[in-house]
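A.B. asks: Need coordinates for the following:
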Amino acid sequence: MSGPLHTQLCEKLGIEYPVVAFTHCKDVAVAVINAGGFAVLGEALHTPDQIAADIKWIKERIGGKPFGIDLVLPSSVPQEKSLEELLAMIPKEHRDFEQMIGQKYNVPDPKIPPAIHVWGGLDQKRALDQLEVVFDERVPVFASGLGSPAFLLKRAHELGMQVWGLVGKPRQARKQIEAGTDVIIAQGYDAAGHTGNIGTFSIVPQVVDIAREAKVPVIAAGGVTTGRHLAAALALGADGVWTGSLWLASRESDVNLPLKERLIEAETDDTVYSDCISGYTMRTTRCPWHNEWLSEGAPEPLKPPLQSLLSADYIQGSLDYQRKDLMTEAAGQGIHYVKEMKPARQILSDIVEEALDVFDRFTAN
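C.D. replies: Model (predicted):
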């Protein structure tokens, strides 16, 4: 394929379209890869054994095509702590506030242990144990969703792996490029999950300017949910787009059905940028948990990873009992354009067709 959508990223990966799907669902990842895009599977909430099994499952279904795994590499959390030790570090004031929210909104207790209990962001040892699996399996692309991957570049490159770094500030991009990171994901404030405070249209061209001399591809992230966003990102100098919210309500997605409905109903101003979920600033859909933590008299959210552990029972209970009124999910400001449950292949096709229409319109005269 040639044309406006055939970029340096397509050449680097051997893919047809410069669209990267970030997803926690392996079915979505496989569908996007087999439709000509690229997918990065978020595995930070899985044990090393689960990660190994997911990698094997994907490899069996994509016929040798490349794929990526995303983990977190936290530097500000303990080097090694048991779950019990971490839970014991939560102050009584914060535990009392959590219980007040539970009683006020009749939040059910989880049926199963919260997924966050195995999150790689709890301590550095967990993250490194997860990373070892990615090395053992020689995953084609490793993406660092939180923290700098500089320390692992030499080993990854010796194994023939690419390393991608997600940044929210231009200076972070400069450091990662100087260290040898293969691809930079420039993520704007519009994005879901853990993000910085610079807008997508501001950070992407700045990072492109930094990366140009080193010929490092830049992927634009933050609010990307349409073909117009893809065309705009390429116009800003990016080599592709990183999409996440777009796939949450797809047919293949394993997201809880009431939560899919909640996401389809959501508008841009239903997302909120706060540190009350994990202790890091992140964008999620607003829920009663946010309202209480943002109210006057609420305690200051705890530092990572303790706030994640404090919010875990609320989040897991809402999912286990399908309490749509309580649910929250990481979602970007482009969520307005997620309006129906479509197959992942169709979602990718729609983005590509719309982007090509944009370029055709500009060249028509």
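A.B. asks: C-alpha only now, for contacts and for neighbours.
C.D. replies: Will do.
A.B. asks: Flag every buried residue along stretch 97-105.
C.D. replies: Burial within stretch 97-105, assessed by neighbour count using 16 or more other C-alpha atoms under 10 Å, is assigned to 97, 98, 101, 102.
A.B. asks: neighbouring contacts of that stretch?
C.D. replies: The contact list for stretch 97-105, computed with C-alpha atoms under 8 Å, 6 or more residues apart in numbering, reads 107, 108, 288, 289, 292, 298, 299, 310, 311, 314.
A.B. asks: which parts of stretch 161-180 are buried?
C.D. replies: In terms of neighbour count (16+ other C-alpha under 10 Å), stretch 161-180 has its buried residues at 161-170, 172-174, 176-177, 180.
A.B. asks: Over to stretch 111-129?
C.D. replies: Those would be 114-128, for stretch 111-129 by 16+ other C-alpha under 10 Å.
A.B. asks: And the furthest pair within these?
C.D. replies: The two members of these with the most space between them (C-alpha to C-alpha) are 114 and 128, at 20.8 Å.
A.B. asks: before we move on, the earlier item: just the buried residues of stretch 161-180 now: which is nearest residue 149?
C.D. replies: Distance to residue 149 across the buried residues of stretch 161-180 (C-alpha to C-alpha) is lowest for residue 165, with 6.6 Å.
A.B. asks: Which neighbouring elements make contact with whichever strand or helix holds the closest one?
C.D. replies: For residue 165, the enclosing helix or strand under DSSP states H and E is strand 162-167. Other helices and strands packing on strand 162-167, by 3 or more C-alpha pairs under 8 Å, 6 or more residues apart in numbering; DSSP states H and E, are strand 141-146, helix 153-158, strand 183-187.
A.B. asks: Dump those into TSV; add mean neighbour count, mean pLDDT and distance to residue 303 as well.
C.D. replies: TSV is the format used below for these (neighbours: other C-alpha atoms under 10 Å; pLDDT from 0 to 100; distance: least, C-alpha to C-alpha, whole Å):
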stretch	mean neighbour count	mean pLDDT	distance to residue 303
strand 141-146	22	90	15
helix 153-158	15	96	28
strand 183-187	28	97	22
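A.B. asks: Can you lay out these as CSV showing distance to residue 234?
C.D. replies: Shown next, in CSV, are the helices and strands packed on strand 162-167 (distance: least, C-alpha to C-alpha, whole Å):
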stretch, distance to residue 234
strand 141-146, 21
helix 153-158, 27
strand 183-187, 13
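A.B. asks: Low-confidence regions, this protein specifically.
C.D. replies: Scanning the chain with the threshold set as pLDDT under 70 gives 1-2, 365.
A.B. asks: 80 - rerun?
C.D. replies: Scanning the chain for pLDDT under 80 picks out the ranges 1-2, 364-365.
A.B. asks: Show me the longest helix that occurs in it.
C.D. replies: Criterion DSSP state H: the longest helix present in the chain is helix 344-363.
A.B. asks: any residues touching that helix, and which ones?
C.D. replies: Contacts to helix 344-363, defined as C-alpha under 8 Å, 6+ apart, come from residues 4-5, 17, 19, 28, 31-32, 35, 37, 225-231, 247, 250-252.
A.B. asks: which of those count as buried?
C.D. replies: Buried among these by 16+ other C-alpha under 10 Å: 5, 17, 19, 28, 31-32, 35, 37, 225-231, 247, 250-252.
A.B. asks: got the contact list for residue 195?
C.D. replies: 168, 187, 188, 189, 281, 282, 283.
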